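Peer 1: Got a predicted structure here, sequence first:
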There are 2 protein chains.
Amino acid sequence: MTQTTFQHITVAFDFPVVFTRRAFDPGNPALAGILGRAGAGPHRLGVVVDGGLAAADPGLPSRLEAYVAAHADRAVLAAPPVVVAGGERAKADFAVLEAVWKLTVEAGLCRQSFIVAIGGGAVLDAVGFAAATAHRGVRLVRMPSTALAQNDAGVGVKNSINAFGRKNYLGTFAPPYAVLNDQALLETLPPREARAGLAEAVKVALVRDAAFFSWLKENAPRLAALEPEVLDEANRRCAVAHLQHIAGGGDPFELGSARPLDFGHWAAHALEEATGGELRHGEAVAVGVALDTVYSRMIGLIGPAEAEAVLRLLVDIGLDVWHPALAALDMAASVGAFREHLGGRLHLSMLTGLGSRIEVHEVDFARMAAARDEIRARASVSGSRREG
Amino acid sequence: MTQTTFQHITVAFDFPVVFTRRAFDPGNPALAGILGRAGAGPHRLGVVVDGGLAAADPGLPSRLEAYVAAHADRAVLAAPPVVVAGGERAKADFAVLEAVWKLTVEAGLCRQSFIVAIGGGAVLDAVGFAAATAHRGVRLVRMPSTALAQNDAGVGVKNSINAFGRKNYLGTFAPPYAVLNDQALLETLPPREARAGLAEAVKVALVRDAAFFSWLKENAPRLAALEPEVLDEANRRCAVAHLQHIAGGGDPFELGSARPLDFGHWAAHALEEATGGELRHGEAVAVGVALDTVYSRMIGLIGPAEAEAVLRLLVDIGLDVWHPALAALDMAASVGAFREHLGGRLHLSMLTGLGSRIEVHEVDFARMAAARDEIRARASVSGSRREG
């Protein structure tokens, strides 16, 4: 009576991730080249710009318009650039989704058209969700404008908004058509943001790239000074390490539960929530990485010298390894929330070396509390030292 | 200055499509087997039922509850079944999405949990969109309850709702975890719906399966009489042909523009809109298939005998090849709307035989009007004959 057919589908996604400077100089071929991958054109573009970026760099929309005008054989603006709320507000409700959906309707953007999203990770996430769902997917070119976005939201295959009081509750898996990193955009960032972005570089080095960790150590003083050349290199290597992980991890759409790139992130998510976003994502990741590094040592996975090297690197590049909100955190509840987001089973990465990791499926909360106390004590010592 | 990394990602999806009868008889192993593919369990289930089906078969939710109770080692209901609006109302706004999202929040469904969606194509589309976006994807088991849904929404990799006045404007590509076709569910359908579902069988036979077309011809009288055994077989073969097309077509997520399974659908979509849904999708497809078949003959792709065989089959199984709304249709505008939905370039399938097709990229509207006039004339003759 019962007959079963097994359906097997394979979908391949190929997209370029370009690192350049001054993408909208009319002579820069990067964006025109990206569009040209879809045929000669002219292709219809809708453009969405992060309000924070537009405020910091008010000339950006007109530079983009001039660029498109200079490449009129390749591209045409289907509507004037749309500016949306920047930062976490972009993901707080459906407002950005609705703005982008309306743009696609009013400008007649179809599945072969392009949306160019320029902004921080939150804007890329929200615009990406909208672009992935209008017509079931309008081609998306991401232009991440922060270090964090270049490392994370820019290169990933996910998008989202917050909903029902939960971070990233709604979203899809949707690779972009291309990622265009304009490293000159990062120069508009406040130093605090540029520094916070380095936490993801430390994280990805720790879980998969010992050579990158050594490079970060060697260059810690120049990174702490936010020298553009080393910042560019750190960001580019960080992004490429993320790309390699996603492509090589065997589960880009996370059909399983493991997420090695989320090292240190259970505490980071909880700290971001607890501080109402006052702590930047990268700053929270620095604390989370410090915590899980010490925990990795406490459960015998790494030695004291390795743990010390991680904490020292974070401090040396100017990232705090402690935040008072961690003291008040219900760690069991935070891990529980993370587990629920992953699915039924807990998967946390812990370090087995500076560039390698394993998955653990439970947490010894007494040891985790001891790890917390240790980074607090360390911070209070280095705090007094700074003051002294 | 400019460096480019090419990201290559491959994602594989495997899912079973099961055909059975009386899936909720406690002894039927099909659903338990589907859940068991994810590990022993018990797995958390949320269930969403089409309001039309629940009205026609009020015992269904309690049969499902009894089934789950009988398989308590494998599954647990995380919340009572949720009944949502059936038919196109399911896709008319965000109501079904919000109901399903709330179910996932309140019942604590995660990416490793299951949503079982039971209903017609519109409900599967809307619930599928919600399931694909909560946590970026909760596992979805589709149980299509109409012939059309078993052939189309059930086996496909798409979901959607209508928005901004456009059919299927918002949605994603998201393969299900499994499809469970309970052919006994179809027995609750009015004869008109069962018959309409056969239009998709004719369509898919025409574009890719000559043997299936012959089988339909041979069995036309039994299909016209809606004999359960041949209906089951027609629906199963139709679904499998759709599955094979999606798997073998090389573009399951429609990153290109061609959509062979949309043969006859430009007119069908327009007719559904023009009649405000009074014409069933399958009925509209029958008219659209007839129109594009005659057009295929008029542009010299098939001969008169082949075109005649198609029209005769549709009529023999009880499907009208004409609807008065076609007379008033602005065909150029309808083709234009279809082109916009596909993307910049028009791709329409036209027949080169009974089981083969090519893509055309433009329409000769004078000939299309002649094709329309021919099926109108034919319908008026057969209409008078019926009356006579």
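Peer 2: It's in.

Peer 1: ok, A:Ala147 to chain B distance?
Peer 2: 17 Å (CB to the nearest CB, to the nearest Å). All C-beta atoms are positioned from the backbone trio N, CA, C, and that covers glycine.

Peer 1: how many other residues sit next to that residue?
Peer 2: Around A:Ala147 there are 33 other residues, counting by other CB atoms under 10 Å in any protein chain shown.

Peer 1: Distance of it relative to A:Ala196?
Peer 2: Distance, A:Ala147 to A:Ala196, by CB to CB, to the nearest Å: 8 Å.

Peer 1: got any residues that touch both of these two?
Peer 2: A:Gly282 (CB atoms under 8 Å, 6 or more residues apart in numbering or on different chains).

Peer 1: just checking, next helix/strand downstream of the helix or strand containing A:Leu206?
Peer 2: For A:Leu206, the host element (DSSP states H and E) is helix A:191-208. Using DSSP H and E, the helix or strand that directly follows helix A:191-208 along the chain is helix A:210-218.

Peer 1: which residues sit in contact with A:Thr352?
Peer 2: Going by CB under 8 Å, 6+ apart, A:Thr352 touches A:296, A:301-302, A:358.

Peer 1: give me that answer again for 6 Å
Peer 2: Neighbour list for A:Thr352: A:301, A:358 [criterion: CB atoms under 6 Å, 6 or more residues apart in numbering or on different chains].

Peer 1: and it, that's in a strand?
Peer 2: Yes. The assignment for A:Thr352 (DSSP: H, G, I helix; E, B strand; the rest coil) places it in a strand.

Peer 1: ok, it to B:Gly165 distance?
Peer 2: Distance of A:Thr352 to B:Gly165, computed by CB to CB: 56 Å.

Peer 1: just A:Ala377 next, same as before
Peer 2: A:Ala377 is 62 Å from B:Gly165, by CB to CB.

Peer 1: ok, now how distant is the spatially closest residue to A:Gly119 that is not a sequence neighbour from A:Thr133?
Peer 2: Distance criterion CB to CB, 6 or more residues apart in numbering or on different chains; nearest residue to A:Gly119, sequence neighbours excluded, is A:Asp50 at 2.5 Å. Taking CB to CB as the measure, A:Asp50 falls 20 Å from A:Thr133.

Peer 1: likewise A:Gly165?
Peer 2: A:Gly165 is 22 Å from A:Thr133, by CB to CB.

Peer 1: out of those two, which sits in the more crowded spot?
Peer 2: Each of A:Gly165 and A:Thr133 has its neighbours counted (other CB under 10 Å); A:Thr133 has more, 30 against 8.

Peer 1: Identify the residues contacting the more buried one.
Peer 2: Applying CB under 6 Å, 6+ apart, the residues contacting A:Thr133 are B:170, B:172.

Peer 1: Got the phi and psi for it?
Peer 2: Torsion angles at A:Thr133 (phi, psi; degrees, to the nearest 10) stand at phi -110, psi -20.

Peer 1: Give me the distance between it and A:Ser160.
Peer 2: Per CB to CB, A:Thr133 is found 12 Å from A:Ser160.

Peer 1: Next: A:Leu329.
Peer 2: Distance of A:Leu329 to A:Ser160, given as CB to CB: 23 Å.

Peer 1: between these two, who's got more neighbours?
Peer 2: Each of A:Leu329 and A:Ser160 has its neighbours counted (other CB under 10 Å); A:Ser160 has more, 21 against 17.

Peer 1: In chain A, which residue sits furthest out from the middle?
Peer 2: Ranked by distance from the centre of chain A (CA atoms, centre = their mean), the top residue is A:Met1, with 49.9 Å.

Peer 1: Check A:Gly344 and give its pLDDT.
Peer 2: For A:Gly344, the model assigns a pLDDT of 65.

Peer 1: if we look at the helix or strand harbouring A:Asn162, which residues are touching it?
Peer 2: For A:Asn162, the element it lies in under DSSP H and E is strand A:161-163. Here strand A:161-163 makes contact (CB under 6 Å, 6+ apart) with A:91, A:126, A:129, A:169-170.

Peer 1: Please flag which of these sit within helices.
Peer 2: Applying DSSP state H to these, the entries found in helices are A:126, A:129.
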